[in-house]
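Here is my input, please return the structure:
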Amino acid sequence: MAHFLELPVELLPIIFDFVLRPEHISKLCLVDKTFNKFATPLLYRRVFIFAWYKEAKTKVILLFRTLSKCPHLARHVEKLGESSLICFATPISHSTRAVLVEIRDFPKALSAQCHSELLQLCTEGVRNCVNLRSCTWTRDGSLHSCVLESLGSCPQLHELEINGNDSEYNPTLLTQFSRLSKISLIMPSARVLDIFPTWISVTGETLRSLTIICKASTLVTDAFLAHLASNLQGLEYLYIIGCPRVTHLGIGAVASANRSGLIGISVEGLSQAFDMSAFKATCLRTMAFRRLRAITLTVYIHMPLDKWTRDVGDLLSSAPLETFSIYSTNTAIWTPIPDEFWKNITANHGQRLKRFSVHRMQLSLAALEAICSQCPLLEQLFIVAEQRELDAAAHLFALARNLRTLHINFPLATSDSSVVSPPMEMAVSIVSVCSPTLVHIGCNTRVWQVKKTVHEDENGEQYVIPTLAPQENPDIPEQFLVIRA
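You can find the predicted model right below:
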């Protein structure tokens, strides 16, 4: 029998890729020189510090001290991130080979000298990340001009996500980034938006993804987006969130100017004057959605939903859709979208759909059955359900034979005041009837990894019982990555 140490060393990176927790990877680094050679790049592939970690701010300082003093370690970093809790409204996929540093806390209440020293560490640390491809820096008020200048010296930088509060940096520095494929702006200020058209004009040729996330900004308008459109002809992903002055006119201008057609789009928290019928006409005329694989839409309760759902169905009629996400601005769970809409979506796109996400609105059991039975490739399902319906819903979940992730949100208020089982007990019950492909399940803010435990009966026959365990993957669970403007 071959021993582990007799394996070709070329297999070690493949094996190590299945080790998820940093504390386990760090132990691999200590085995011997060979393990250290292959495990160290993996350890720095993704560094993350969340705000709820003990002494998180101290760890931020230690991290940047390491990056500044140890260039041989910093060179392994390809993605660097500093932020508060980042929230996305669109599907997020994490490559197992991606390198990412996520610092979701940052020390700000420091003395002038300590603050200056920290900025020096950040500047030197970023400059040492010579292979940096992506940087996220969204902690409000923590991005400084010196950090932007260091980022400007990174020759391979292609993705930049920043906070738009320019109180500590000069917005004109943004125009030095002229080869970006992805830009994300969080809460942009007026001065940042003023320079933004110039920035897009110098990087628009290579830009493939644009995200603007606001809370309720009136600065991003139809005219603003229309002004950008001519320089966004190669755009593939467009996410505009929390901009109440944006209607179908601004989004339509960007979509119709596109050369090859968008692949993903999210329009959330926009103007209630958004005319889906007019937007449909624009997109169909220009074939803007001929490559569309992912869409996120907002439902306003005041809408004439019968007409809106027909327009959405027509809008997506020619799209090779794989991901469909929708949420309601109404706090009540019963947004009266007809079952026919869900059935039409699954009938037209079910053979390709891999993810179905419905937030703040409850589906009927008939609609849920259509989704689970007519989407053979479905891997991710996010829904709202009443606890009293879970037994019936569980048997419908079982119809999705390739389901890997299931998350159920329960209404905050319900007319049924009866006491129901705890979330974990309910999750175990659901897992027991679902497809064996299920690997993650969540209820409200709880998320578990599904594990299989092998048992043996009195006759020696083996059988498997699914159990729930904490997530091994360090990624933030999906429900915390969803913002609802």
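
Show me what the nearest residue in space to Ile213 that is not next to it in sequence is bridged to.
Once its chain neighbours are removed from consideration, Ile213 has its nearest residue in Ile241; the separation is 4.7 Å (CB to CB, 6 or more residues apart in numbering). To be clear about C-beta, it is placed using only N, CA and C from the backbone, and glycine gets the same treatment. Beta-bridge partners of Ile241, counted by DSSP bridges, are Ile213, Glu268.

since we're on Ile241, how many residues are nearby?
A count of nearby residues for Ile241, using other CB atoms under 10 Å, gives 26.

ok, it to Val299 distance?
Counting by CB to CB, to the nearest Å, the gap between Ile241 and Val299 amounts to 15 Å.

what do you get for Ser201?
In this structure, Ser201 and Val299 are separated by 35 Å, where distance is defined by CB to CB.

Which one of those two is surrounded by more residues?
Just comparing Ser201 and Val299: by other CB under 10 Å the higher neighbour count belongs to Val299, 21 against 14.

dump the residue contacts of that one.
Taking CB atoms under 8 Å, 6 or more residues apart in numbering, we find Val299 in contact with Leu305, Trp308, Ile326, Tyr327, Ser328, Thr329, Asn330, Thr335, Ile337, Met361.

Out of the residues you listed, which end up buried?
By neighbour count, with 16 or more other CB atoms under 10 Å, these hold Leu305, Trp308, Ile326, Tyr327, Ser328, Thr329, Thr335, Ile337, Met361 as buried.

Out of the residues you listed, which is nearest to Ala427?
Ala427 lies nearest to Met361 out of the buried ones among the contacts of Val299, by CB to CB, at 21.8 Å.

isn't Asn165 right up against Ser189?
Yes - checked against CB atoms under 8 Å, the pair Asn165 and Ser189 is within contact range at 6.0 Å.

Tell me the one among the contacts of Val299 nearest to Thr136.
Distance to Thr136 across the contacts of Val299 (CB to CB) is lowest for Tyr327, with 24.0 Å.

Any idea how far apart the tips of stretch 279-293 sit?
Separation of the first and last residues of stretch 279-293 by CA to CA, to the nearest Å is 18 Å.

quick one: low-confidence parts of the stretch 351-485 of the chain?
412-421, 473-485 (pLDDT under 70).

Show the residue spans covered by the helices in it.
Under the criterion DSSP state H, counting those that start in this stretch, the stretch 351-485 of the chain carries helices at the ranges 365-374, 390-397, 423-431.

show me the contacts for the nearest residue to Leu132 once chain neighbours are set aside.
Once its chain neighbours are removed from consideration, Leu132 has its nearest residue in Cys154; the separation is 4.5 Å (CB to CB, 6+ apart). For Cys154, the residues meeting the contact criterion (CB under 8 Å, 6+ apart) are Val126, Arg127, Cys129, Val130, Leu132, Cys135.

Buried ones among the residues you listed?
Among the contacts of Cys154, those scoring as buried are Val126, Arg127, Cys129, Leu132, Cys135 (criterion: 16+ other CB under 10 Å).

Can you tell me how far the third one is from Ser153?
Plainly put, Cys129 is 10 Å away from Ser153 if you go by CB to CB.

Any chance of a markdown table for the helices of the stretch 351-485 of the chain, columns distance to Leu119 and mean neighbour count?
Formatted as a markdown table, the entries for the helices of the stretch 351-485 of the chain read as follows, by distance: least, CB to CB, whole Å; neighbours: other CB atoms under 10 Å:
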| stretch | distance to Leu119 | mean neighbour count |
| --- | --- | --- |
| helix 365-374 | 50 | 20 |
| helix 390-397 | 50 | 18 |
| helix 423-431 | 44 | 18 |
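
Can you say which of those helices is nearest to Val31?
Across the helices of the stretch 351-485 of the chain, Val31 has its closest neighbour in helix 423-431 (35.2 Å, CB to CB).

could you say what helices and strands the closest one packs with?
helix 390-397, strand 440-443, strand 446-456, strand 462-469 (3 or more CB pairs under 8 Å, 6 or more residues apart in numbering; DSSP states H and E).

now the angle between helix 390-397 and that helix, please.
An angle of 40 degrees separates the directions of helix 423-431 and helix 390-397 when computed by axes from the mean of the first three to the mean of the last three CA atoms, to 10 degrees.

Quick one: distance of helix 423-431 to the chain centre.
In terms of CA atoms, centre = their mean, to the nearest Å, the centre of helix 423-431 is found 25 Å from the chain centre.

quick one: contacts for Thr175?
Ile195, Thr198, Trp199, Val202.

out of those residues, which are buried?
Going by neighbour count (16+ other CB under 10 Å), the contacts of Thr175 have Ile195, Trp199, Val202 buried.

Check the residue nearest to the last one when sequence neighbours are not counted and give its pLDDT.
Just to be clear, that refers to Val202. Sequence neighbours aside, Ser178 is the residue nearest to Val202 in space, at 4.5 Å (criterion: CB to CB, 6+ apart). According to the model's per-residue confidence, Ser178 sits at a pLDDT of 94.

okay, Asn165 and Ser189: which has more neighbours?
The residue with more neighbours, out of Asn165 and Ser189 and counting by other CB under 10 Å, is Asn165; that gives 19 against 16.

Tell me how far the more buried one lies from Leu151.
Per CB to CB, Asn165 is found 17 Å from Leu151.

swap in Ser364?
According to CB to CB, Ser364 stands 50 Å off from Leu151.

neighbour-wise, which of the two wins?
Here Ser364 and Leu151 are compared on neighbour count by other CB under 10 Å; more neighbours surround Leu151, at 23 against 14.

how would you label that one: helix, strand or coil?
At Leu151, secondary structure determined by DSSP: H, G, I helix; E, B strand; the rest coil is helix.

Tell me which stretches of the stretch 101-250 of the chain form strands.
With strands called from DSSP state E, counting those that start in this stretch, the stretch 101-250 of the chain shows them at 134-137, 159-163, 182-186, 209-213, 237-241.
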